[in-house]
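> From the sequence below, what's the structure:
(2 chains)
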Amino acid sequence: MTMFHFLNCAILTFGPHAVYYSATPLSEYDTLGTSIKTALVYLITALIKLVCLATFLKVSESDSFDPYQELLKALIGFIDVAGIYFALTQLTHRNISQNHKFQAVGLGWAFADAVLHRLAPLWVGARGLEFTWDYILQGLEANANLVLCISLAALGSLMWLRKNKPKTLIPIIYACAGIVATMPSITSYLRRSMGWHFPEVVGFEIFTSLLMALISWQLFSACQRPST
Amino acid sequence: MAARREIIESLYSMISLVFILVACVEICDAATVVDVYRLIQYDIAGEQFGSRLASLNHHATSLLSHNTDLSRTVVILPVRDLNLTFIKECIGQKKPLGGLLLMLPQIFSSENKDGVEDDPNSEKELIRIQLTELERLLIHANIRYPVYFAFEDDDIDAVLADVKRNDATGQPATATTGGYKLVVSVPEPRKVASPAITNIQGWLPGLKADGDSNQLPTIAIVASYDTFGAAPALSVGSDSNGSGVVALLEIARLFSLLYSNPKTRGRYNLLFGLTSGGPYNYNGTHKWLRSFDQRLRENIEYAICLNSIGSSGNDLWLHVSKPPENANIKQIFDGFSNVAEELGLKVGLKHKKINISNPRVAWEHEQFSRLRVTAATLSKLPAAPELLESTGGLSDNRHFTSEAAVAQTVSLVAESLARHVYGQQGRNIKVFEENSSLAVQPSYIQSWLHLLSTTPRVAPFLSKNDPFIMALKKELADHTVEVNVQHEVLDGIFTFYDSTNAKLHIYQVASVTFDLLVLLVLGSYLIVLFSFLVITTRGLDDLISLFRRPPSRKVKTA
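Just a heads-up that it's a prediction; the model follows:
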């Protein structure tokens, strides 16, 4: 019965990644290699991030929101952006269109994140007898994160790969990328300083990720229009 | 090849290590963890009594109704509002339950020494009577499921309230409706191998007159210190027989003051004995007396056994097995009643004949009488208790034991003893005058009574070198000379089983139907997501063709 709950949570956490891969043209063009490479890049990035966090961040005893520390954390969070930049531009991909490349990168990135951050707590916690909503919420959070990662990758590909984009859209693109990249800090602020509970934070994450996805989709299609 | 195999083998060990780690991880994380105390499990001559199981893993319910199947649920019952007749029926009919968790009010906790003031006395007394009844019922029943005791606290009260609310809505909790799951994971109870009993004795030798070759006569003061109760880990027995032990220690202290000075040393040896095995027909006393040599035993002029003297009230009883007309008994009784009058107490004499063929020994002095040693038991109990009753169980704790009563009994015994030792019978003198250096010390009584009221002392679960036994030995050694500790094995007919206390994990669990529902929702979510993604990225036609393809293939193969 508890195994059942674990399976449910695992389906919620990892299912959308698989569905995304199989439902979109990604599977037709066989972009699994790209996703795996991105996942490896994510691993390395996560290691670098950890080292940075360990070096620069003080361990705070209290659970309060310290602006300076949070700023530092946000800056370290931008290593993620560097990682995505690397994955998008430096990796040698097989011949796939930009359109699919960013999706593969975003998917690989989100999946690696989900495996690294959520699999262990899920295995430990969701199999226990005690029932909590936490793991279902965590799965929802993983879904939001997937959407967010793909939007970030989309914006990144707009920034770094597409040369002939309308001038007027450039600041918007950068602003959106900035917002998406600082999302972890924003949620951390909401949780610590505003005292939001986990369900509220997850709701906020889902809402904003959908919003950002919509915006980046619009931006992407707007940029695509002149070229076609 | 060999190197490769080695690598593979090391890989296997790594994998197994990971699996072991993963398996270890799942033990913890319950909503609430509570200390619980198991009902005693024991055999008398092969006949089984008490709770025969220890491990528990069932849903909780608060109802004990006849029509529902309770064999897979744990019934939580607060002792506060317990329906005794109901329980009696339940145990009498051998109704199968998953388990029984009895909630004791906080005042029965040994840690709670100051007492809960908001409880009115009458209510406390009422619960106590009920608990005594319940204990008697549980001890003498053979119960085929685990029975645990726990103390009421905020966590478990909240759980109980939740469970009650669930029950009130009509559906008792089972695996399909969710609720709370109570888990106690302990190994199967094992027999306690050769339960040990430990007797401690100390001497205060009297002063021999010069050239007197005869042995001095001896007076023995005896109290049994161990307990027996429904929950061994909660059987502290403040009154039975903590009060007797405290009184004995205080009497030893008082006489050690007198005997330390040659001028005031009496012409009697005083023998102090703390015996074990009291609930089991005073088995320890029996063994202790057998270990004496004949001469020593004959030198004992009389023995005073102290038993359950801590309850409030002014009536004391001197229980004897020789007829009251006997000269020795008359002398002891007169000594006591004279002093009692001065102290405002009342001592009555109760004679109960010994039936040698009956193995039951109701009073400690009967063990002496069986060996033809004059002895009497001083107690506040008016009648001889049955086997395994009034042995310091659940309801016998600090709140129902009065220090003042113990102090009074100490003065009574010490004073009458002193008059006998110094040959001052019938005279109105006070040796242990208040405010003198020989006064009875209430603080001493209080601190020892506190220690005894927080130490469970069921003999089979006390090891030979238990700190408590060491403390008793040390205390007796401070007041007497020649302290001896005698280790014996409890006689055959009793068998005890371990795991007397455990941790109860309370988990809030979801039901299978809930999990199924979640699965359904998730499945439809993923299908919707899939369709949405296919439509947006490839178009609706693709989605439709996705579903069309398989039948077309089937047609081809056909």
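
> Quick check: which element contains B:Leu254?
Following DSSP states H and E, one finds B:Leu254 within helix B:244-259.

> Give the buried residues for that helix.
The neighbour-count check on helix B:244-259 (16 or more other C-beta atoms under 10 Å in any protein chain shown) flags B:244-256, B:258-259 as buried. All C-beta atoms are positioned from the backbone trio N, CA, C, and that covers glycine.

> And A:Leu40, which helix or strand is it part of?
When secondary structure is defined by DSSP H and E, A:Leu40 falls within helix A:32-56.

> Taking the centroid of the chain, which residue is nearest it?
In the absence of a named chain, this looks at chain A. In chain A, the residue lying closest to the centroid (C-alpha atoms, centre = their mean) is A:Cys149, at 3.2 Å.

> ah, I was thinking of chain B
B:Ser235 (2.2 Å).

> So that one versus chain A, what's the distance?
Taking C-beta to the nearest C-beta, to the nearest Å as the measure, B:Ser235 falls 32 Å from chain A.

> In terms of pLDDT, where does that residue sit?
Per-residue confidence at B:Ser235 stands at 91 (pLDDT).

> if you skip the residues just before and after it, what's nearest to it?
The shortest distance from B:Ser235 to any residue other than its chain neighbours is 3.2 Å, reached at B:Gly229 (C-beta to C-beta, 6 or more residues apart in numbering or on different chains).

> Close to chain B: what parts of chain A are there?
A:1-2, A:4-5, A:7-8, A:11-12, A:15-16, A:19-20, A:22-25, A:123-125, A:127-132, A:136 (C-beta under 8 Å from any C-beta of the partner chain).

> Just the buried ones from the residues you listed?
Using 16+ other C-beta under 10 Å as the burial test, the residues of chain A next to chain B include A:2, A:4-5, A:7-8, A:11-12, A:15-16, A:19-20, A:23-25, A:125, A:127-132, A:136 as buried.

> Would you mark the buried spots in stretch B:538-546?
When neighbours are counted by 16+ other C-beta under 10 Å, the buried residues of stretch B:538-546 are found to be B:538, B:543.

> I'd like the average pLDDT over that stretch.
Averaged across stretch B:538-546, the pLDDT comes to 77.

> Low-confidence regions, chain A specifically.
Counting by pLDDT under 70, chain A shows low-confidence ranges at A:1, A:59-65, A:92-95, A:225-228.

> Could you point out the longest helix of it?
Counting residues, the longest helix in chain A under DSSP state H turns out to be helix A:198-227.

> Identify each buried residue in stretch B:505-522, please.
Buried residues in stretch B:505-522, defined by neighbour count with 16+ other C-beta under 10 Å: B:505-512, B:514-515, B:518-519, B:522.

> How about stretch B:446-460?
B:448-460.

> do stretch B:329-349 as well
Within stretch B:329-349, the residues that count as buried by 16+ other C-beta under 10 Å are B:329, B:332-333, B:335-340, B:345, B:347, B:349.

> could I get the residues you listed as JSON lines with distance to chain A?
Shown next, in JSON lines, are these (distance: C-beta to the nearest C-beta, whole Å):
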{"residue": "B:Ile329", "distance to chain A": "64"}
{"residue": "B:Ile332", "distance to chain A": "63"}
{"residue": "B:Phe333", "distance to chain A": "64"}
{"residue": "B:Gly335", "distance to chain A": "65"}
{"residue": "B:Phe336", "distance to chain A": "61"}
{"residue": "B:Ser337", "distance to chain A": "64"}
{"residue": "B:Asn338", "distance to chain A": "68"}
{"residue": "B:Val339", "distance to chain A": "63"}
{"residue": "B:Ala340", "distance to chain A": "61"}
{"residue": "B:Leu345", "distance to chain A": "58"}
{"residue": "B:Val347", "distance to chain A": "60"}
{"residue": "B:Leu349", "distance to chain A": "61"}
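
> Now compare the residues you listed and name the two farthest from each other.
Farthest pair in those (C-beta to C-beta) is B:Ile329 and B:Leu345. Separation: 18.8 Å.

> Who are the contact partners of the closest residue to chain A within the stretch 201-350 of chain B?
Of all residues in the stretch 201-350 of chain B, B:Ala233 sits closest to chain A, at 25.4 Å by C-beta to the nearest C-beta. With contact taken as C-beta atoms under 8 Å, 6 or more residues apart in numbering or on different chains, B:Ala233 is in contact with B:37-38, B:456, B:461, B:500-501.

> coming back round to it: what helices and strands are in contact with the longest helix of chain A?
Using 3 or more C-beta pairs under 8 Å, 6 or more residues apart in numbering or on different chains; DSSP states H and E, the elements in contact with helix A:198-227 are helix A:134-160, helix A:170-181, helix A:183-192.

> Can you tell me which of these is packed in deepest?
Comparing the helices and strands packed on helix A:198-227 on average neighbours per residue, with mean count of other C-beta atoms under 10 Å in any protein chain shown, the densest one is helix A:134-160 at a mean of 23.

> just the angle between it and helix A:198-227, please?
Using axes from the mean of the first three to the mean of the last three C-alpha atoms, to 10 degrees, the interaxial angle of helix A:134-160 with respect to helix A:198-227 works out to 20 degrees.

> hmm, back to that, starting at the chain centroid, how far to the longest helix of chain A?
The gap between where helix A:198-227 is centred and where its chain is centred comes out at 12 Å by C-alpha atoms, centre = their mean, to the nearest Å.

> got it, and stretch B:223-238?
The offset between the C-alpha centroid of stretch B:223-238 and the centroid of the whole chain comes to 5 Å, using C-alpha atoms, centre = their mean.

> what's the answer for stretch B:205-212, then?
Averaging C-alpha coordinates over stretch B:205-212 and over its chain gives two centres that are 45 Å apart (C-alpha atoms, centre = their mean).

> Now it: buried residues?
By 16+ other C-beta under 10 Å, the buried positions in stretch B:205-212 come out as B:205-206.

> For it, give me every contacting residue.
Under the contact criterion C-beta under 8 Å, 6+ apart, stretch B:205-212 has outside partners B:216, B:259, B:262, B:265-270, B:421, B:481-482.

> now do 6 Å
Outside stretch B:205-212, the residues within contact range by C-beta atoms under 6 Å, 6 or more residues apart in numbering or on different chains are B:216, B:265-269.

> so who does B:Ala230 touch?
With contact set as C-beta under 6 Å, 6+ apart, B:Ala230 has these partners: B:39, B:135, B:138-139, B:393-394.

> make it 10 Å
Applying C-beta atoms under 10 Å, 6 or more residues apart in numbering or on different chains, we find B:Ala230 in contact with B:37-40, B:50-51, B:102, B:131-132, B:134-139, B:147, B:149, B:388, B:393-395.

> now those residues: which count as buried?
Listed as buried from those are B:37-40, B:50-51, B:102, B:131-132, B:134-135, B:137-139, B:147, B:149, B:388, B:393-395; burial here means 16+ other C-beta under 10 Å.

> and chain A, which of these contact it?
Contacts with chain A are made by none of the buried ones among the contacts of B:Ala230, judged by C-beta under 10 Å from any C-beta of the partner chain.

> Helices - which of the residues you listed land there?
Helix and strand membership here follows DSSP H; of these, those in helices are B:131-132, B:134-135, B:137-139.

> Quick check: the two most widely separated of the residues you listed?
Spanning the widest gap among these are B:Leu131 and B:Ile139, at 12.1 Å by C-beta to C-beta.

> Common neighbours of the two, please.
Residues touching both B:Leu131 and B:Ile139 (C-beta under 10 Å, 6+ apart): B:230, B:393-394.

> out of the residues you listed, who's nearest B:Asn281?
Checking the shared contacts of B:Leu131 and B:Ile139 against B:Asn281 by C-beta to C-beta gives B:Gly393 as the nearest, at 17.0 Å.
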